[in-house]
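S.K.: Give me the fold of what follows.
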Amino acid sequence: MIRYKEIFLGKHCNNKCLYCSYRLSDSEQPDFNDVTTALEQTGEDSIALYGGEPTLRSDLIRIIDTAHRNGYRRVKIVTNGRALSDNQVLLEIVKAGSYLFEIKLWGSKPDLHDYLTETPNSFLQTIQGLENLQRLPCDKFTCLRIPICKQNFTDIINATITGINLGVNRIILSLEGDNLPLKDLLPHIRVALNISILNRVWILTEGLPFCIMQGLEHHIGEIYYGYDSKIYPRTHRHHKNCQHCTYQEICRGVETEYLNKFGHTEFSPIKENKYFGEIRALNG
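M.R.: Here you go, the predicted structure:
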């Protein structure tokens, strides 16, 4: 799987997501020269532009063009998708050379999505953006990120179906926050994975340790692109049961705040696993 150099374009956003890590941050808005410096080629051939909301920048097309001139083959936009509801905006981005999109959807219904984005009508615009992408006649790749929290975990199956119906190429189920017991979440994860597999859409999880995902290990996203994303930063730590687990050298453990809140009793070490050799090879 492709690993991207991640370029921060500022925290400004037209959503106010309840679980956003940037909303209250004091990160400065980088100007074009700062972005140009960050784009200096260092060996990677792919970048991901993220924020905040990258599509709010008036110089986004110029940034994409600069990236290509610096030798990057792939430019991915990490976005809430709302700006893409304007087909002209989408066409300009694609014409500039960005065909890869990662779009966040909090729920399959307007009331749930808009509640978690704290922004009226954000659902309708995000869905319209996804529909516009689906209708593009050119080659493109769309990843749908479904963040999971206490308020929406029972909807992730419907959100997964929504993504499949909209023709996305990949789905990521990403754990957000620390207020949802994983034992409550796992049955919904299993169904969402099975539905996506049956529809031939590759689906991954983020933020779930190997012991929770036992039997589903190949769907742990961190196997393919690591644990060090700046876009969705996490803090992990091992607990006392981890020392007996086959996957200790690969798995980072569990979110620190989750362990502080719920403890470690639900986690059982995996003593032996037939997939270990394959997964270790994938992890590099």
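S.K.: excluding its backbone neighbours, what's nearest residue 142?
M.R.: Among residues not flanking residue 142 along the chain, residue 168 sits closest, at 4.7 Å (CB to CB, 6 or more residues apart in numbering). Every residue, glycine included, has its C-beta placed from N, CA and C.
S.K.: give the contact list for that neighbour.
M.R.: Going by CB atoms under 8 Å, 6 or more residues apart in numbering, residue 168 touches 130, 142-144, 201.
S.K.: From residue 102, how far off is it?
M.R.: 10 Å (CB to CB, to the nearest Å).
S.K.: tell me, what's touching those two both at once?
M.R.: Shared contacts of residue 168 and residue 102, defined by CB under 8 Å, 6+ apart, are found at 142-144.
S.K.: Turn the residues you listed into a markdown table, columns for secondary structure.
M.R.: Shown next, in a markdown table, are the shared contacts of residue 168 and residue 102 (DSSP: H, G, I helix; E, B strand; the rest coil):
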| residue | secondary structure |
| --- | --- |
| 142 | strand |
| 143 | strand |
| 144 | strand |
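S.K.: quick check, nearest of the residues you listed to residue 243?
M.R.: Set against residue 243, the nearest of these by CB to CB is residue 143 (34.8 Å).
S.K.: Wait, that closest one touches residue 166, no?
M.R.: No: assessed by CB atoms under 8 Å, residue 143 is found out of contact with residue 166, at 11.9 Å.
S.K.: Name the residues linked to the residue sitting nearest the centre point of the chain by a beta bridge.
M.R.: Geometric centre of the chain, nearest residue: residue 145, 4.6 Å, by CA atoms, centre = their mean. Counting by DSSP bridges, residue 145 forms beta bridges with residue 104, residue 172.
S.K.: who wins for neighbours among the contacts of residue 168?
M.R.: When neighbours are counted by other CB atoms under 10 Å, residue 144 leads these with 27 neighbours.
S.K.: Report the contact partners of that one.
M.R.: By CB under 8 Å, 6+ apart, the neighbours of residue 144 are 102-103, 105, 130, 163, 166, 168, 170-172.
S.K.: Then residue 151?
M.R.: 18, 112, 115-116.
S.K.: just residue 119 next, same as before
M.R.: So residue 119 contacts 14-16 (CB under 8 Å, 6+ apart).
S.K.: Quick check: residue 240 vs residue 267, distance?
M.R.: Distance, residue 240 to residue 267, by CB to CB: 9 Å.
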